[in-house]
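Trainee: the amino acid sequence is not available; the structure is as follows:
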């Protein structure tokens, strides 16, 4: 909003320098982003927040200046001896007033419409002082009538529009919704297709303007216009905003209507523009039609002095509060020295709807710098028990993720169709907003991975060598449309890198994190089985379940998406149903003393068919050995069908081999360091290199386990261990047709 200081001084006395005035306005919430000089005169460039629609005018800013400086406000038309005063045309009412007809069909979209008909208008150029002020505000002078409508818009904040009355069919104005087959060429020369959600101004035959946005070329005033119909109306902000977005059309009028104009200003702006047209264009007022509901009185708000002081941390007396609110044009009613008062905000302050709004106004006017620094006090009312429990659970889950070395991020819940398509999802697989603010935020996210990947890209771009992040947030599934709480993880880059050793993030680190998270449920070990997702690399995705219930998915981001995001390296992503983690069964915490008796270790190599997953072999070993198997650990596996290690179906204790998953583990022998898995019995690496032994049968692969046997009550003998070890081998042979190697 550009405000020429010369124009501002017409309504309020200003003794400050432009720089000092800019400082006052900025500290009061009207940020001055710059001061420009146009033809030697200073022009303030203000950035107005959406709630202060009253300041989108010279008069609105003048009100603020008057309050902040203690000066008296002069309203338009109050000045005497002004250079614009002159002989005014006489006002006469037409004898045939029926020639002007105004009908409002959509009362929700248009609450009030004032049509002012002026005859004998002489079209020409507006005065130099008006052109100078319009140019300083960034508007191009056109002709007398149009310049006056723009001038009053800037002066009062009320948009106006001028029609050539003789070009309106049957002298009729109808405020209605557009029909699906209608179109309108607007004043910018573009023919636009209308829709029933758009409010239009029509004559007896066709639309002549998009209500609150822009007029049409068919009814605009021209040099030959002699009869002008001046429009001043109140249009619904939401209706105007939707029409402007749908048509891709923005204007000075729509900018103000979208934020809400002063209901009382509809009448005063119409009268002000009519007076200027009579004065500067020689017109005579022929008729006025005021259709619709006049504004209702504002509801009084109760303001209590002690409560205001508690909110602000001040010790203001009741008279000070009353005088401050009166400065803001509020009507204040109270009895004597009572600390309670009834405050009625002015019509142009639509943002003042409750007591706290008035508290803020008092603080703003007195100056935030004058509020003493105090330690806030008070109590928070307890919520419902179930709400408190849910909050504690989510906070506990966040803390647990942080304890695993993950950093929490919060990403956009709105995504673009391009982001969906990049990850292999169609627009129909997400809920699209009916009125998005932009195409970059047009749909509700169906999964957290979309935002997590953007966070990974941003961190890597800014020089991070390793990224490990999590997010606990809501996603929305389209069919059926429901909101769910998900937990997402993303890893990329170096996990461990120093002078001794180096390792990048891989599936095994991700799996260890998931195992630690799912262990919180206390109702069984998680299972990892081969799966597929559009965003995952083929053969590098696992579905995660507990007790037969699918909880989520984990895998490597596809190389194509990684290239598209310019990651330059692999990324690993997991997403779980967080509600399942929050509804976990609390396992009893127990402490066990270190074993006092020694254990006995035996290795077991078994050959099984490609269709038998590791998880099945592992389960048979554990169920056969029972409590005697203190630890069962996979230490080797070999698949002769490929030089790469066998496909992995990550299960149970970190590494689970199966023929269908194709994940490449580390190729070195020894312990794989893992801060997550280190609390377990050890983290075995998978050996590469040569595999010696008898050749495997076609369609099979080999697994080697290290089994540690222990009895907590006594020392086992070699014969007992051998017998149990052989029984495990026979059970594998009988149940899985395995071959012991």
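Mentor: Alright, I've got the coordinates. Note that the coordinates shown come from a computational prediction; the quantities given were computed from them, not determined experimentally.
Trainee: from here on, contacts and neighbour counts on C-alpha atoms
Mentor: Will do.
Trainee: residue ranges with poor pLDDT in the stretch 51-200 of the chain?
Mentor: Applying pLDDT under 70 to the stretch 51-200 of the chain picks out residues 77-98.
Trainee: right, I mislabeled it, should have said the stretch 551-700 of the chain
Mentor: Within the stretch 551-700 of the chain, the ranges that satisfy pLDDT under 70 run 583-591, 641-694.
Trainee: can you map out the helices along it?
Mentor: For the stretch 551-700 of the chain, helices defined by DSSP state H, counting those that start in this stretch occupy the ranges 559-564, 578-582, 614-625.
Trainee: closest to residue 294 out of the ones you listed?
Mentor: Among these, the nearest to residue 294 by CA to CA is helix 578-582 (52.0 Å).
Trainee: ok, and what's touching the closest one?
Mentor: Helix 578-582 has contacts (CA atoms under 8 Å, 6 or more residues apart in numbering) with 390, 393-394, 397, 472, 484-487, 517-518, 520-521, 551.
Trainee: quick check: mean pLDDT across the helix or strand where residue 722 lies?
Mentor: For residue 722, the host element (DSSP states H and E) is helix 718-736. Mean pLDDT, helix 718-736: 92.
Trainee: how about that helix: buried residues?
Mentor: Neighbour counts using 16 or more other CA atoms under 10 Å place 721, 724, 725, 728, 729, 730, 732, 733, 736 of helix 718-736 among the buried residues.
Trainee: which of the contacts of helix 578-582 are buried? Put it as a PyMOL command.
Mentor: Paste this into PyMOL to select the buried members of the contacts of helix 578-582, with burial taken from 16+ other CA under 10 Å:
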select buried, resi 393+394+397+472+485+486+487+517+518+520+521+551
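Trainee: let's have the contacts of helix 578-582 in CSV, adding distance to residue 533 and secondary structure.
Mentor: Converted to CSV, these look like this (distance: CA to CA, whole Å; DSSP: H, G, I helix; E, B strand; the rest coil):
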residue, distance to residue 533, secondary structure
390, 30, helix
393, 29, helix
394, 27, helix
397, 26, helix
472, 20, strand
484, 19, strand
485, 19, strand
486, 16, strand
487, 17, strand
517, 22, helix
518, 21, helix
520, 26, helix
521, 25, helix
551, 14, strand
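Trainee: among the contacts of helix 578-582, which one has the lowest pLDDT?
Mentor: For those, the weakest pLDDT value sits at residue 521, with 63.
Trainee: follow-up on the earlier one: now do the helix holding residue 722 against helix 614-625, angle only.
Mentor: 140 degrees (axes from the mean of the first three to the mean of the last three CA atoms, to 10 degrees).
Trainee: from now on call the first residue 47
Mentor: From this message on, residue numbering opens at 47, which makes the last subject helix 764-782.
Trainee: check which helices and strands helix 764-782 sits against.
Mentor: Under the contact definition 3 or more CA pairs under 8 Å, 6 or more residues apart in numbering; DSSP states H and E, helix 764-782 sits against strand 646-655, helix 660-671, strand 785-786.
Trainee: okay if I get the ones you listed as a markdown table plus distance to residue 425?
Mentor: Formatted as a markdown table, the helices and strands packed on helix 764-782 follow (distance: least, CA to CA, whole Å):
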| stretch | distance to residue 425 |
| --- | --- |
| strand 646-655 | 61 |
| helix 660-671 | 54 |
| strand 785-786 | 70 |
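Trainee: residue 611: which of the ones you listed is closest?
Mentor: Among the helices and strands packed on helix 764-782, helix 660-671 sits nearest to residue 611 (CA to CA), with 34.9 Å.
Trainee: from the contact counts, what lies against the closest one?
Mentor: strand 675-684, helix 764-782.
Trainee: switch the cut-off to 6 Å
Mentor: If you count contacts as 3 or more CA pairs under 6 Å, 6 or more residues apart in numbering; DSSP states H and E, helix 660-671 packs onto no helix or strand.
Trainee: which SS class is residue 333?
Mentor: Under DSSP: H, G, I helix; E, B strand; the rest coil, residue 333 falls in the strand class.
Trainee: for residue 197, which non-adjacent residue is spatially closest?
Mentor: Of all residues not flanking residue 197 in the chain, residue 180 sits nearest, at 6.7 Å (CA to CA, 6 or more residues apart in numbering).
Trainee: what's around the one you found, how many residues?
Mentor: The number of residues packed near residue 180 is 19, by other CA atoms under 10 Å.
Trainee: repeat for the one 4 residues further on
Mentor: By the criterion of other CA under 10 Å, residue 184 has 11 neighbours.
Trainee: on the three-state scheme, it is what?
Mentor: Following three-state DSSP, we place residue 184 in the coil state.
Trainee: gap between the most far-flung residue of the chain relative to its centre and residue 772?
Mentor: Within the chain, the residue lying farthest from the chain centre (CA atoms, centre = their mean) is residue 765, at 68.0 Å. As for residue 765, its distance to residue 772 is 11 Å (criterion: CA to CA, to the nearest Å).
Trainee: next: residue 416.
Mentor: Residue 416 is 86 Å from residue 772, by CA to CA.
Trainee: do residue 265 as well
Mentor: Distance, residue 265 to residue 772, by CA to CA: 99 Å.
Trainee: residue contacts, residue 91?
Mentor: Residues near residue 91 by CA atoms under 6 Å, 6 or more residues apart in numbering: 47, 48, 78, 79, 80.
Trainee: quick check: nearest residue in space to the first one, chain neighbours excluded?
Mentor: The shortest distance from residue 47 to any residue other than its chain neighbours is 5.0 Å, reached at residue 92 (CA to CA, 6+ apart).
Trainee: what of the second one?
Mentor: Excluding the flanking residues, the one nearest residue 48 by CA to CA, 6+ apart is residue 91, at 4.6 Å.
Trainee: look up how far residue 102 lies from the one you found.
Mentor: Note on residue 91: its distance to residue 102, by CA to CA, is 12 Å.
Trainee: repeat that for residue 752.
Mentor: For residue 752 relative to residue 102 (CA to CA), the value is 77 Å.
Trainee: these two: which has the busier surroundings?
Mentor: A count of neighbours by other CA under 10 Å puts residue 102 above the other of residue 752 and residue 102, at 28 against 16.
Trainee: I'd say the residue nearest to residue 47 and residue 80 touch.
Mentor: No: Residue 92 is not in contact with residue 80 according to CA atoms under 6 Å; the separation is 7.4 Å.
Trainee: so for these two, which sits in the more crowded spot?
Mentor: Per other CA under 10 Å, whichever of residue 92 and residue 80 has more neighbours is residue 92, with 21 against 13.
Trainee: how about the helices in the stretch 447-596 of the chain?
Mentor: Taking DSSP H, counting those that start in this stretch as the criterion, the stretch 447-596 of the chain contains helices spanning 463-468, 495-507, 553-564.
Trainee: what's the average pLDDT for the first one?
Mentor: The one in question is helix 463-468. 89.
Trainee: which elements pack onto that helix?
Mentor: Against helix 463-468 (3+ CA pairs under 6 Å, 6+ apart) you get no helix or strand.
Trainee: residues of it that come out buried?
Mentor: Buried positions in helix 463-468, judged by neighbour count with 16+ other CA under 10 Å: 463, 465, 466, 468.
Trainee: what of the last one?
Mentor: If you call a residue buried by 16+ other CA under 10 Å, then helix 553-564 has these buried ones: 553, 554, 555, 556, 557, 558, 559, 560, 561, 562, 563, 564.
Trainee: JSON lines for these, including distance to residue 483?
Mentor: Converted to JSON lines, the buried residues of helix 553-564 look like this (distance: CA to CA, whole Å):
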{"residue": "553", "distance to residue 483": "38"}
{"residue": "554", "distance to residue 483": "41"}
{"residue": "555", "distance to residue 483": "39"}
{"residue": "556", "distance to residue 483": "36"}
{"residue": "557", "distance to residue 483": "39"}
{"residue": "558", "distance to residue 483": "41"}
{"residue": "559", "distance to residue 483": "37"}
{"residue": "560", "distance to residue 483": "37"}
{"residue": "561", "distance to residue 483": "40"}
{"residue": "562", "distance to residue 483": "40"}
{"residue": "563", "distance to residue 483": "37"}
{"residue": "564", "distance to residue 483": "38"}
